[in-house]
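Peer 1: Here is my input, please return the structure:
(2 chains)
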Amino acid sequence: MLNIIWPIFIISSIVYAFFSGNIEKISNGIFESAESAVQLSITFFGTICLWNGIIEIAKETSLMSKLTKAFQPFIKFLFPELKQNKQAKEEISMNIVANFLGLGNAATPLGLKAMKTMQKENNQKDTLTNSMVMFILLNTASIQLIPTNVIAIRNSLGSIQPNAMILQVWISTIVAATVGITATKILMKRF
Amino acid sequence: MNIVNFISVSAIPIIIIIIILYGIKEKKKVFEIFLKGAKDGIQIVVELFPTLLGIFLAIGLLRNSGILDFIIELIKPITEYFKIPSAILPLAILRPISGSASMGIAIDIMKQYGVDSMIGKIASTIMGSTETTFYTIAIYTASVKIKKIRFVLLAALLADLAGIITSVVICQVLS
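Peer 2: This is a model prediction of the structure:
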């Protein structure tokens, strides 16, 4: 996707700058962009490593399995077709928990594993099953307890209260997920 | 709105202490594990840098050329009608397409309007409450070689739209 969007951005900007007389501004801005990318990465360095360390502790304790258990009622409601597929249910729970804790690194490998497990029981190998659709939707919905990336960025940009939008994020996520799940449940019956 | 701020501000310290207390209770070498995790973080940042650089270049060009202002000016009447701040528009459009590009735009918005401004908060909320829909669908379906994705893109984009509208509304209500 970016292979198309990136050149479009660059070419259209430079062409437009020639016509609007902003070409000098553009020229100066190029190396400023490179510099600000470095500055931001340095700030990222601390925050991302810090959070990764804390999450690693959570992964090693029983906290993870307890959270998985807590998600069972959810799984039953969202994936009624996975009655017998215990392995898929476990992998889905772990993926949701990992997403919930903001463990993007852990969530994606677990999610792909769950897709493989579900594919084994799929009768039409080239088409998504209902459970798969619901599972992908959940993964596009960004259900997480703490939006660490955004907080890290707000922090690096000198926010007075970098965490002050957590409640807003929770509410928006819940609305988005509810709309997505409802749409999936309805569309599932027709398509 | 003190309660809102209190919940938001205390969530992270509370989670950190719960995780560490759990680690101690189960006799884990918490510091060693922390170091291991932190080390993995280095990889993430290093891998992120080239994307960040490329996006910053493109976004910098867009801003400096004046073309973005031109486009925003064109669609302003529509967004004003829906009470969506026009500065949010490029972010809302790019959010489902590219995680790194939308992050670059969000950072740019926060820099220009101020992190703690209304628009800065809306941008943060959009970034925190939505995902890179196209990318997620692509890797999840490609991993099991599925070609017919049925209605999943439609449902996911509906969810994104709902999330973005809610972000705009909720930030204005809770400020």
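Peer 1: which non-adjacent residue is nearest residue 71?
Peer 2: All of this refers to chain A. Spatial nearest neighbour of A:F71, excluding adjacent residues (C-beta to C-beta, 6 or more residues apart in numbering or on different chains): A:S93 at 4.8 Å. In short, each C-beta sits where N, CA and C put it, glycine included.
Peer 1: oops, I was thinking of chain B
Peer 2: Nearest one to B:I71, counting by C-beta to C-beta, 6+ apart, is B:P90 at 7.9 Å.
Peer 1: my read is the one you found is in a helix, agree?
Peer 2: Yes - counting by DSSP: H, G, I helix; E, B strand; the rest coil, B:P90 is found in a helix.
Peer 1: I'd like to know how far it sits from B:G114.
Peer 2: Going from B:P90 to B:G114 by C-beta to C-beta, to the nearest Å gives 18 Å.
Peer 1: residue closest to the middle of chain B?
Peer 2: Closest to where the C-alpha atoms of chain B average out (C-alpha atoms, centre = their mean) is B:M127, at 1.9 Å.
Peer 1: For the helix or strand where that residue lies, buried residues please.
Peer 2: Remark: B:M127 resides in helix B:118-129, with elements defined by DSSP states H and E. Neighbour-count burial for helix B:118-129, counted by 16 or more other C-beta atoms under 10 Å in any protein chain shown, picks out B:119-129.
Peer 1: moving C-terminal of it, what's the next helix or strand?
Peer 2: Using DSSP H and E, the first helix or strand after helix B:118-129 is helix B:133-142.
Peer 1: and the next helix or strand after that following helix with chain A, contact?
Peer 2: Next in sequence after helix B:133-142, counting helices and strands by DSSP H and E, comes helix B:152-173. Yes - using C-beta under 8 Å from any C-beta of the partner chain, helix B:152-173 reaches chain A at B:152, B:154-156, B:158-164, B:166-167, B:170-171.
Peer 1: ok so, going back, show me what the helix holding B:M127 is in contact with.
Peer 2: Residues from elsewhere that reach helix B:118-129, judged by C-beta atoms under 8 Å, 6 or more residues apart in numbering or on different chains: A:142, A:144, A:147, A:149-150, A:153-154, A:159, A:164-166, A:168-170, A:172-173, A:176, B:85, B:87-88, B:91-92, B:95, B:102-103, B:106, B:109-110, B:113-115, B:163-164, B:166-168, B:170-172, B:175.
Peer 1: List the contacts of stretch B:49-68.
Peer 2: By C-beta under 8 Å, 6+ apart, stretch B:49-68 touches A:2, A:6, A:9-10, A:12-14, A:16-17, A:20, A:22, A:25-26, A:28-30, A:32-34, A:36-37, A:40-41, B:90, B:100-101, B:103-105, B:108.
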